[in-house]
Every structure is written in C-alpha cells, then in structure tokens.
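[1] can you look at this prediction? I've put the sequence above it.
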Amino acid sequence: MRWLDRLGLAVATLWLALGAANADTTVKWLHIEANPAQVKIWEEVARSYEAAHPGTRIEMQFLENEAYKAKLPTILQSKDRPNIIYSWAGGVLKSQIEAGVLEDITDQIKGYSDSLTPAALAAFSRDGRIYGLPTALSQVGFLYNKELMAKAKVDAAGIKTWDDLLAAVKTLKAAGVTPIVAGGADKWPLHFYWTHLAVRIGGKAAFDAALRGENGGFAGETFQKSGELFKQLVDLQPFQNGFLGFKNPQAVGYFGDGKAAMTLAISTVYHLQRALAADKKGLAEDQIGWFDFPMVPGGKGEPSDTLGGITGWLVTKGSPKETVDFLKFFVSKDVQTRLAAGNFIIPVVKGADAGLNNAFMKQIAANLSKSRYHQNFYDQSLGPSVGRVVNDVTAEIAGGSMAPKDAAEAIEAAWKQGN
C-alpha cells in the first residue's frame, strides 16, 4: 500500500503547487488609518474579496501619517512599491502624476465612476483622466467637550465670530480650563487656523487670485491678515503646555481624555479620539459638540464655505489589473454604507449616505452638501514643496518666531519658485 501513500503525497504536492500558482497575485495596500475599529472592517472586506476571487491576496500595510508623508516619495520609486496608496489629492497628486508613478485607471472604471459624487471624483482627475478613487469627505471645525465648556459657562452655540472665539478662550482660561489642544509637532494641525481664516477673509476668489499671482499672491492682504488674526489667538496662549512637542495622535488622545475644551480638527476626530484616548473609550457621543469655524466680520467668505479633505486611493504604475477591481469592490455602495453606519466616513458613493445614523455625522454631511466652496487642505492643494512651507510658517507664527507678514511672503516665494 506504500504506492498509495506515495500517490497521496504526490496529489497533495500537486494541489499545493496549483494553489501557489493560483495565489500568485498580491495587491499591496498601504494605508494610514489609526482607528482599529475601521481597519477591522477594511480587513473583513479584503477577506471577502479574496474569498470571491481565489488566487488574489490583499496585503494591508500601515504607516503612521507623518512617516507616510516623509517616506512616500522614496517608496514610490521602489520596484516593490505598494499598488494602492492613500491620497489627499491636490498638488501632491499632481506631482505624482508628473513623476509618472501612477496608473491611469480611466478606462478601467467606465460605468462604475457614475456611482461616485462628481466633485469627489474630480479631485482624483487631471486633464480628463482618472488616477484614483475617492473614498470620503471631511470638514474641519471645532470639536468641543460639553462638560468643560459648561464648567466655564461658555456657550459654544454663541461662538459665531472670531472675536467670540477669542472671548471664549479668555473665559476658559479664567476658569482654569485648557481652551484648545493642538498637535503642534506635526505642524499641519496648526495650518488649519491660517488656512481657515483665509477662507473666511477672502473666500474662493482670494485663493484663486493668489494661484494666478494677482493681488500680491499669497503675500497679499488676505493672507497677511490671516496670520495677524491667528497671532491674536496665539498671544492668548490658548493651547496646552508644550503644544509644539505634541504629535497629532497625542493631541487627539489628550482631547479624548477630557483635558482640553476644544480642538480644531478634521471631523473624523469625532470617532478617532476614542481609539487614541488613554482608556480607549474617550468622550461619549453626548459629551462632544461641534461648531463651524467662526466668521470674520467684513470677510468675503460665505458661512457655508468649508475647509476639509477629499481623501481616497491611488493606483501605482504597473499594478495588476486586480488592483482596480478590488478598489471598485472596496469603494462600493454596500461597503460605503457600512462605513457610514459605523460613523467612520461621509461617503462619496451615491446613496450610501443613507447609512448615516448619527446626528454628528449627519450634520457634517449636511454642511458639506450646502458648501459651494470646499477648500482642500493647503498643504495638499499647493503641492508638497509649498505645502511644507505653509505648515512650517504657521507653526512658527504659533511659536512666536515669525511675523505674519514674513510668513505670507515666505509662502508666496515658495509658490513662485515652484510655478
């Protein structure tokens, strides 16, 4: 009977060989998501795709936000680069297209692309060609701790103007409450102030004019005034002690721990603060409020104007065809509805917003639907080189080492050099 044993071994070896041959397509997916609850759903979706597509493996890889930004240019030059990468679109996407490291997926998503919100898809398009798929929208605004605001007798609903915000900061400090937490070490959380002030002061017209070099460009009145108003806030010392040494995840956790009254943040922090809080529970839903970035009297921006992101996924050059097929599976109505129901995203697939079942997320979705001017983050919109300068100078204003006028001129000089 030994020949039967040998035959069995031969058959088993053959099946293993066939299995290896069938599993020779690996799609490498690089992401920055720090919320394990959301990643768990992503992993389940990946496994579902693998089950329906024998022979294809989805390999998820994680890099922390700042490490991702720093290492991505080098990663994209590697022969072993990932097939799917995270993107905030904007000028960084433009530079990646020009570097020839992205795949044009226009033809591969014909028909499917009709299911996406046009504005979101446009963010991942250049010259009529599509290089990636959007996955979520977000808004920047103030999240606040209801208990700490009540302790200082500050009515968040009454913070409508920049002066209202300054007054609230003074009141909170007088009550012994840290007004605002900020991840200053990463710099980009601080650029939200300068950028949002520019949105309120000059509106879309000022940004578009600056891109064309008109009215002094980014050294013009709108952007100098943005820095001056930001300095008004900085001079009140509103942030936690040592804020320039706090990385953003640490700052988000600090807010989740109930140690500061407010944080100017991306709307996704509403959920992320739980994962990054010391007790992994953070603030409960009924403990968190939201108010839009305050208006600047005399400003040309509209109250409905928003700052935020349109994030998504790009496909790198030479990736297997299964990459786009998986992305269409991942950015589908079913998956987007599930993520929306978990309060993880404001979806971009038409009809998936029906999954939103949380008052906070519905409010953000309503804000974005009303917005006629949704400004992408400057550090992404203006490209990597100029974006780095924007982040650097706003951090320097916050640290008291640069005057607002000099900051605006530095950004304009960087823009001119790169364009």
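    Yep, that arrived. Source: prediction; values computed, not measured.
[2] where along the stretch 101-250 of the chain do the helices fall?
    118-122, 146-151, 162-174, 188-211, 221-234, 248-256 (DSSP state H, counting those that start in this stretch).
[3] would you list those in JSON lines and tack on distance to residue 70, mean neighbour count and mean pLDDT?
    Yep, even glycine has a C-beta here, placed from its N, CA and C like the rest. Putting the helices of the stretch 101-250 of the chain into JSON lines (distance: least, C-beta to C-beta, whole Å; neighbours: other C-beta atoms under 10 Å; pLDDT from 0 to 100) gives the following:
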{"stretch": "helix 118-122", "distance to residue 70": "27", "mean neighbour count": "16", "mean pLDDT": "87"}
{"stretch": "helix 146-151", "distance to residue 70": "34", "mean neighbour count": "16", "mean pLDDT": "98"}
{"stretch": "helix 162-174", "distance to residue 70": "32", "mean neighbour count": "18", "mean pLDDT": "98"}
{"stretch": "helix 188-211", "distance to residue 70": "12", "mean neighbour count": "23", "mean pLDDT": "97"}
{"stretch": "helix 221-234", "distance to residue 70": "25", "mean neighbour count": "21", "mean pLDDT": "98"}
{"stretch": "helix 248-256", "distance to residue 70": "14", "mean neighbour count": "24", "mean pLDDT": "98"}
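[4] I'd like to know which of the ones you listed lies nearest to residue 280.
    helix 248-256 (9.0 Å; C-beta to C-beta).
[5] tell me the helices and strands packed up against the helix or strand just after that closest one.
    Moving toward the C-terminus from helix 248-256, the next helix or strand (DSSP states H and E) is strand 262-266. Identification of packing neighbours for strand 262-266 by 3 or more C-beta pairs under 8 Å, 6 or more residues apart in numbering; DSSP states H and E yields strand 140-145, helix 188-211, helix 248-256.
[6] partner strands of the shortest one, with direction?
    Pointing back at strand 140-145 there. Next to strand 140-145 in the sheet, as set by DSSP bridges, lie strand 262-266 (antiparallel), strand 288-291 (antiparallel).
[7] show me how far it is from its chain's centre.
    15 Å (C-alpha atoms, centre = their mean, to the nearest Å).
[8] for it, the averaged confidence score.
    For strand 140-145, the mean per-residue pLDDT is 98.
[9] name the residues that touch that strand?
    Contact with strand 140-145 is made by 156, 159, 192, 196, 255, 258, 260-267, 269-270, 273, 283, 287-293, 306-308, as judged by C-beta atoms under 8 Å, 6 or more residues apart in numbering.
[10] reformat the helices and strands packed on strand 262-266 into JSON lines and put distance to residue 168 next to each item.
    As requested, the helices and strands packed on strand 262-266 are arranged in JSON lines below (distance: least, C-beta to C-beta, whole Å):
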{"stretch": "strand 140-145", "distance to residue 168": "9"}
{"stretch": "helix 188-211", "distance to residue 168": "15"}
{"stretch": "helix 248-256", "distance to residue 168": "16"}
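[11] got the CA coordinates for the helix or strand residue 272 falls within in CSV?
    Using DSSP H and E, residue 272 maps to helix 269-276. The C-alpha trace of helix 269-276 is given here as CSV (Å, rounded to 0.1, in the frame of the first residue of the first chain):
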residue,chain,number,x,y,z
VAL,A,269,-11.5,63.0,15.1
TYR,A,270,-15.0,62.7,16.5
HIS,A,271,-14.5,58.9,16.3
LEU,A,272,-10.7,58.7,16.4
GLN,A,273,-10.5,60.3,19.8
ARG,A,274,-11.9,57.2,21.4
ALA,A,275,-9.2,54.9,19.9
LEU,A,276,-6.4,57.3,21.0
